[in-house]
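Q: with the sequence up front, the predicted model follows.
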Amino acid sequence: DQQVKQNSPSLSVQEGRISILNCDYTNSMFDYFLWYKKYPAEGPTFLISISSIKDKNEDGRFTVFLNKSAKHLSLHIVPSQPGDSAVYFCAASPVKSDRGSTLGRLYFGRGTQLTVWP
Amino acid sequence: EAQVTQNPRYLITVTGKKLTVTCSQNMNHEYMSWYRQDPGLGLRQIYYSMNVEVTDKGDVPEGYKVSRKEKRNFPLILESPSPNQTSLYFCASRLGPINTEAFFGQGTRLTVV
């Protein structure tokens, strides 16, 4: 069963506007969260992360928000640019092993295809 | 340059012919993993390794083997490939188990006919 879910397979946004990508998780052992960006024919590249002790982390145009009580995180891209068009994966890492998760593993969502049009 | 290197990038093979995809990292990372990416299914972990000689199954280990004899290398072995193993494969490494990101290789596009 998927422990990290990205319920929107795709998102289309106009250049200059905000892109909001969402991610939900089910395992309360997850305490570190990451976003990856993937272009076709390339490996995923790390974009931004957030620890559970924070509710927001910002890096340039990219901000990740974490709502622990809702087990929800989101990635905001402002302003969106055509070069941001890619698949975005959300991932989670547990603080320790339990029945549903193993320390050291990353658990990925299925990804959201973001298209930014001019 | 810090990197994860996979070889080959592209491979077409026939059913049943054993193959190995190599993965090497130069960052002295403890953790290494193999994933496969299929349309609509995202990144699914095949195997991972916490250190030399320590490996464990991921979510889709059937039909695959791995070994970790040295810290830098983590080859993926398909003893008898089948068409349902046609996929895009990624190797990744991670410094430690907590609060670190994973670095991915460029991917290996495998086609089994």
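A: The structure has been received and is ready for your questions. Numbers count the residues shown, from 1 in each chain, chains lettered A, B, ... in the order given.

Q: what about the strand of greatest length in chain B, near chain A?
A: In chain B, ranked by residue count with DSSP state E as the criterion, the top strand is strand B:42-51. Yes - contact between strand B:42-51 and chain A is present through B:42, B:43, B:44, B:45, B:48, B:50 (criterion: Cβ under 8 Å from any Cβ of the partner chain). Backbone N, C-alpha and C define where each C-beta goes, glycine included.

Q: nearest to residue B:87 among those?
A: residue B:44 (9.1 Å; Cβ to Cβ).

Q: so what's residue A:105 scoring on pLDDT?
A: Looking at residue A:105, its pLDDT reads 88.

Q: quick one: contacts for it?
A: By Cβ atoms under 8 Å, 6 or more residues apart in numbering or on different chains, residue A:105 lies in contact with A:93, A:94, B:33, B:45, B:48, B:58.

Q: where along chain B do the strands fall?
A: For chain B, the strands identified by DSSP E occupy B:4-7, B:10-13, B:19-25, B:31-38, B:42-51, B:54-57, B:65-66, B:76-78, B:87-94, B:102-104, B:108-112, in order along the chain.

Q: of all these, which one comes closest to residue A:23?
A: Scanning these with Cβ to Cβ as the criterion, the closest one proves to be strand B:42-51, at 11.6 Å.

Q: near chain A, which residues of chain B are found?
A: Of all the residues in chain B, those in contact range of chain A (Cβ under 8 Å from any Cβ) are B:4, B:31, B:33, B:35, B:40-45, B:48, B:50, B:56, B:58, B:90, B:92, B:94, B:96-99, B:101-107.

Q: now do 7 Å
A: Within chain B, the positions near chain A by Cβ under 7 Å from any Cβ of the partner chain are B:31, B:40-43, B:45, B:48, B:50, B:90, B:97-99, B:101-102, B:104-107.

Q: confidence score at the most centrally placed residue in chain B?
A: In chain B, the residue lying closest to the centroid (Cα atoms, centre = their mean) is residue B:34, at 2.9 Å. Confidence at residue B:34, expressed as pLDDT, is 98.

Q: what's the burial count for residue A:99?
A: Counted with other Cβ atoms under 10 Å in any protein chain shown, residues neighbouring residue A:99 total 7.

Q: per-residue confidence at it?
A: Note for residue A:99: predicted pLDDT of 76.

Q: for chain A, which residues are neighbours of chain B?
A: By the criterion of Cβ under 7 Å from any Cβ, the positions of chain A lying close to chain B are A:32, A:34, A:42-44, A:46, A:49, A:51, A:89, A:95, A:103-106, A:108-111.

Q: which of the residues you listed are buried? Put it as a ChimeraX command.
A: Here is the ChimeraX selection string for the buried members of the residues of chain A next to chain B, based on 16 or more other Cβ atoms under 10 Å in any protein chain shown:
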select /A:32,34,43,44,49,89,95,103,104,105,106,108,109,110,111
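
Q: tell me which residues touch the residue nearest to the centre of chain B, please.
A: B:46, B:47, B:66, B:76, B:89, B:91 (Cβ atoms under 7 Å, 6 or more residues apart in numbering or on different chains).

Q: give the contact list for the spatially most central residue of chain A.
A: To find the centre residue of chain A, average its C-alpha atoms and take the closest one (Cα atoms, centre = their mean): that gives residue A:90, at 3.1 Å. Under the criterion of Cβ under 7 Å, 6+ apart, the contact partners of residue A:90 comprise A:4, A:6, A:23, A:35, A:73, A:109.

Q: thank you, goodbye.
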